[in-house]
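Participant: Fold the following and give me the result.
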Amino acid sequence: MRESATTGAVLLVDVDGLKLVNSLHGHGTGDVVLAKVSGAIRSGIREKDYCARIGSEFVIYAPDCDAAEAETIAQAIIRSVTAEEMRMVGSNFSISVGISVSLQGSDFITMYREAGDALGEAKSKGRNRLSHYEAAAA
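Facilitator: Below is the predicted model of the structure:
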């Protein structure tokens, strides 16, 4: 990561209410939701970005990406998920996104934790939104 880029971003994408979708409509519907979110991510990230599903979240690493570009990526994914053609009868869903950006080539683990903190903030503020990691003021 540090060798390939001067800046970089980690975005964590979580499907809001996926457990509820699985409980109410079955895991087949949940799998369709995950497939639609992964399609939205593919259409929202840049060709040089990486994405994987780790645990219950999608993790995106975007090399050579500043805060504005990371936000643009996140907003494109959110728009795609909330687009009318993405709606499924009886199972509306949304996503929340946490973003961490490094200008000094921080290690991935640190950025992943920071993006997790930002994701928690996005969810606590009502979900279906994005949040940037902000270091605590000393």
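
Participant: and the lowest-mean-pLDDT helix or strand in the chain, what does it pack onto?
Facilitator: Lowest by mean pLDDT, DSSP states H and E among the helices and strands of the chain is helix 18-25, with a mean of 86. Here helix 18-25 touches helix 27-44, going by 3 or more C-beta pairs under 8 Å, 6 or more residues apart in numbering; DSSP states H and E. In this view, the C-beta of every residue, glycine as well, is placed from N, C-alpha and C.

Participant: What segments of the chain are helices?
Facilitator: Per DSSP state H, the chain carries helices over the ranges 18-25, 27-44, 67-82, 108-124.

Participant: Buried residues of the shortest one, list them for me.
Facilitator: Using 16 or more other C-beta atoms under 10 Å as the burial criterion, the residues of helix 18-25 that qualify are 18, 21-22, 25.

Participant: Repeat that for the last one.
Facilitator: Buried positions in helix 108-124, judged by neighbour count with 16+ other C-beta under 10 Å: 111-112, 114-119, 121-123.

Participant: Also compute the angle for it relative to helix 67-82, please.
Facilitator: 50 degrees (axes from the mean of the first three to the mean of the last three C-alpha atoms, to 10 degrees).

Participant: just checking, what packs against helix 108-124?
Facilitator: Against helix 108-124 (3+ C-beta pairs under 8 Å, 6+ apart) you get strand 8-16, strand 57-63, strand 94-102, strand 130-132.

Participant: export those to TSV and tack on mean neighbour count?
Facilitator: Below are the helices and strands packed on helix 108-124 laid out as TSV (neighbours: other C-beta atoms under 10 Å):
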stretch	mean neighbour count
strand 8-16	25
strand 57-63	21
strand 94-102	25
strand 130-132	20
